[in-house]
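Engineer: predicted model follows, preceded by the sequence.
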Amino acid sequence: MRFIIHTILIGFTILLLFSCNTYKTYYNDTITQISNEENSKDILRLDLSESQDVIYNIDGLKNLRMLNVSTRGDINLDSLFLKLPNPKELRVLILDSMHLDNLPSTINRFTRLKQLSLNNNPDLKLEVVIHKIKDLSIEFLNFQHNEISEIPENIEGLTYLKDLNLSNNNLDGFNHFEYVSSIKHLSSLWLTDNKLSEFPTSLGSLQQLRNLYIEHNNLIDIPEDITGMKKVWVIHAGHNLFTELPANFGKMKSLILLHINNCQISSIPEVYSKKRSYSMLGLIIDNNKLSVNEKKFCRKSFGHFFVLSF
Amino acid sequence: MRMLLFILLVSFATITDSLGQSIETNGAILLGTNITLGNQNVLFNVSLKGFGTLNYGDASIETGATLYLNQIFKRHTLKTRGVGGGYELFALGGVGKNNNLLGASIFQNSSSLLFDSRESGGFKGLGFGFQRELLTKALSAYTSRRGSVIVRYSERDYSIQMVFRNDLKLGNIFNGQATDYGATGSLYISYSTITSNQSAYLAGIGLDLFTPKPNFSRTPTNTLNSDDGRKNVWFIEPSQKHLFYTNLYGYATYQDEFYSVSGSLGVNSQKLGAYIQNTLHDNFGLNPRFPWDVAAPDKLFYEVRTSGSIQLD
């Protein structure tokens, strides 16, 4: 059925290409400075992160969908947000590396904001920031490189949130992950490059999650609780300390694709020898310590996969 | 699957023969050479194609096979010299009086057409196939096998066919190589017609996606095509970075008794490739994405082919 669905989708997506939101928000040219001559109402994407210019002449930015002012600590965000002429158009706001500890209240003007990136603002008062954005329909929050070691309780109130990136922080597995588990519509969760030595068992109750990223941690095993994630399709678990392909991945009901490259895996447990006992259909297990016999086992057991790399 | 088809074919012939019903068959072989000149491919090609139909009452089966060798000068946008080759097999089952051999328009290399103007068409069928292209040197990593699903509708002297190819592997029916890089997805919809005893035309639209091999050992945090950091995206080895294309094009072939001319013209659009592949990768558990340069302007895609061929009935 999958290839029939692919065929239909290809035809359908071509028809939609020139009118879709994705095209307008992400595929247009990104302008890096506003010149006086520029017809600023045509600017959909504006990235001033590399610019040294004083920001003026923003009255014409009526169709702005993406604004990136990362590294621009000189900018008064409150004033900038107030001056933007059509805040309802903005979908993506990137405020990385700005030494922020808070957000101005005027962020609430962006009522249709879908993505907010606050990477590398280690002084950020997470609880206060989350309180300020709780009424916005934000779907993606990017909190990488913020030295986060505690997850605030009010994160569970972000009911529109679908994707949460907590990579490159100081999370060790015992940081109130139950609050993350309470986010109703969470679909993707990044915990890449933290200090997880144990997989947080409370995440097992994230029944609606589709993508889980736990690369670059210190995991040596995966507990059975992970099987509570009944809808997960893809897991990225590379660059950990596994010495055996975790058997509990094989018990997950919907797992399609597992990336588990660059670990210490030298053996594949028996659970993977019975094709019908697991749902997995793709495996990327490059740069591990599989012996010739284990590679033979992979070819034999996983030969029917739609993606197989080792 | 091939064995199953063979058994079905033999069973079908045995049963119908024992019932005293007549079986009509038709088939032909085409020997050909062609030169391809374009901005993505420059090739000299020698091929052998065979196509046959078998009809019993209103039931019909058709099958085709081709074997070819390429002297490659440029392939998949990369200038490289070497000898490549490949093969393709397909089979369809359906209903109709199917003798004009226009079902051979299904072959991917449709720069020369195989047909029988003495017979009429009439076929509605569905089938599967697979193809494998062998590449050499810098492109050897992109040797791939793709599965096909084929739908064909034909009346009297014309045929409309839709072919979807993908490297997905789904059991034995859809037998792709499952690499998810190289020539991954293609879609062709074409119309072919016999215009005289010695000539035929084909016109169609095609869509081809090609992506380079990702670096599986690197954490997929590429910012290109990441929807401003929301999606994971593979990194590609620097030497392979430019090996992305998505061609959306029209193509046409004119076939005379011993020669044919063929051409393709369209756009090579990174935006289109990103949109199509992102949709599939985001929604069917194939993440990460590939780093399509979504800000790149579209380019022209063109190809002309001339062929010499001999049809043996």
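Structural biologist: Received it, and whenever you're ready, just let me know what you need.
Engineer: which parts of the stretch 51-200 of chain B sit against chain A?
Structural biologist: Neighbours of chain A within the stretch 51-200 of chain B, by C-beta under 8 Å from any C-beta of the partner chain: B:147, B:149, B:164, B:166, B:168-171, B:174, B:176, B:178-180, B:185, B:187. No exception for glycine: its C-beta is placed from N, CA and C like everyone else's.
Engineer: spatially, which two of those are the most separated?
Structural biologist: By the measure C-beta to C-beta, B:G171 and B:L187 form the most distant pair in these, at 21.3 Å.
Engineer: who has more neighbours out of those two?
Structural biologist: Ranked by neighbour count (other C-beta atoms under 10 Å in any protein chain shown), B:G171 and B:L187 place B:L187 first, with 21 against 9.
Engineer: dihedrals phi and psi, A:K83?
Structural biologist: Backbone torsions for A:K83, taken as degrees, to the nearest 10, come to phi -80, psi -20.
Engineer: how about the nearest residue to it, chain neighbours excluded?
Structural biologist: A:I58 (5.6 Å; C-beta to C-beta, 6 or more residues apart in numbering or on different chains).
Engineer: how about B:L31?
Structural biologist: Here the residue nearest B:L31, using C-beta to C-beta, 6+ apart, is B:I310, at 5.0 Å.
Engineer: could you give the number of residues near that neighbour?
Structural biologist: Neighbour count of B:I310, defined by other C-beta under 10 Å: 11.
Engineer: quick one: it and B:E257 touch, right?
Structural biologist: No: when contacts are counted by C-beta atoms under 8 Å, B:I310 is not listed as touching B:E257 (9.2 Å).
Engineer: residue in the stretch 201-310 of chain A with the shortest distance to chain B?
Structural biologist: Among the residues of the stretch 201-310 of chain A, A:W233 lies closest to chain B, at 3.4 Å counting by C-beta to the nearest C-beta.
Engineer: what ranges in chain A fall below the confidence cut-off?
Structural biologist: Confidence mapping of chain A against pLDDT under 70 gives the ranges A:1-20, A:36-38, A:54-56.
Engineer: an error on my part: the question was meant for the stretch 201-313 of chain B.
Structural biologist: The low-confidence ranges in the stretch 201-313 of chain B, as defined by pLDDT under 70, are B:285.
Engineer: list the contacts of the residue of the stretch 201-310 of chain A closest to chain B.
Structural biologist: Neighbour list for A:W233: A:R210, A:N211, A:S254, A:L255, A:I256, A:L257, B:G285 [criterion: C-beta atoms under 8 Å, 6 or more residues apart in numbering or on different chains].
Engineer: contact partners for the fifth one?
Structural biologist: Counting by C-beta under 8 Å, 6+ apart, A:I256 touches A:W233, A:V234, A:S279, A:M280, A:L281, A:G282, B:F284, B:G285.
Engineer: swap in B:N247?
Structural biologist: B:Q40, B:G206, B:L207, B:D208, B:S264, B:G266, B:V267, B:N268, B:F301.
Engineer: in JSON lines: those residues, plus distance to A:E198.
Structural biologist: Formatted as JSON lines, those follow (distance: C-beta to C-beta, whole Å):
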{"residue": "B:Q40", "distance to A:E198": "51"}
{"residue": "B:G206", "distance to A:E198": "52"}
{"residue": "B:L207", "distance to A:E198": "47"}
{"residue": "B:D208", "distance to A:E198": "47"}
{"residue": "B:S264", "distance to A:E198": "56"}
{"residue": "B:G266", "distance to A:E198": "53"}
{"residue": "B:V267", "distance to A:E198": "51"}
{"residue": "B:N268", "distance to A:E198": "49"}
{"residue": "B:F301", "distance to A:E198": "52"}
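Engineer: what subset of these is buried?
Structural biologist: B:Q40, B:G206, B:L207, B:D208, B:S264, B:G266, B:N268, B:F301 (16 or more other C-beta atoms under 10 Å in any protein chain shown).
Engineer: give me the subset of these that lies in strands.
Structural biologist: By the criterion of DSSP state E, membership of the buried ones among the contacts of B:N247 in strands covers B:G206, B:L207, B:D208, B:S264, B:G266, B:N268, B:F301.
Engineer: check these against chain A, which are close?
Structural biologist: Restricting these to those touching chain A (C-beta under 8 Å from any C-beta) yields B:L207.
Engineer: which single residue of the stretch 1-150 of chain B ends up nearest chain A?
Structural biologist: In the stretch 1-150 of chain B, the residue that lies nearest chain A is B:V149 (5.6 Å; C-beta to the nearest C-beta).
Engineer: bridged to the residue nearest to that residue when sequence neighbours are not counted, which residues?
Structural biologist: Using C-beta to C-beta, 6+ apart and skipping the chain neighbours, the partner closest in space to B:V149 is B:F164 (5.1 Å). Counting by DSSP bridges, B:F164 is bridged to B:V149, B:L187.
Engineer: what do you get for B:T221?
Structural biologist: Note on B:T221: beta-bridge partners by DSSP bridges are B:V233.
Engineer: burial measure for it, as a count.
Structural biologist: Neighbour count for B:T221, taken as other C-beta under 10 Å: 20.
Engineer: one more: the one 3 residues further on?
Structural biologist: B:L224 has 18 neighbours, counted by other C-beta under 10 Å.
Engineer: if I pick it, what's in contact with it?
Structural biologist: B:V233, B:P291, B:W292, B:D293, B:V294.
Engineer: going along the chain, name the strands of the chain.
Structural biologist: Let's take chain A. Using DSSP E, strands in chain A cover A:30-31, A:45-47, A:66-68, A:92-94, A:115-117, A:140-142, A:163-165, A:188-190, A:211-213, A:234-236, A:257-259, A:282-284, A:307-309.
Engineer: you looked at the wrong chain, it should be chain B
Structural biologist: B:24-38, B:42-56, B:59-75, B:78-95, B:123-134, B:144-155, B:158-166, B:169-170, B:174-175, B:182-194, B:200-211, B:245-255, B:259-268, B:299-312.
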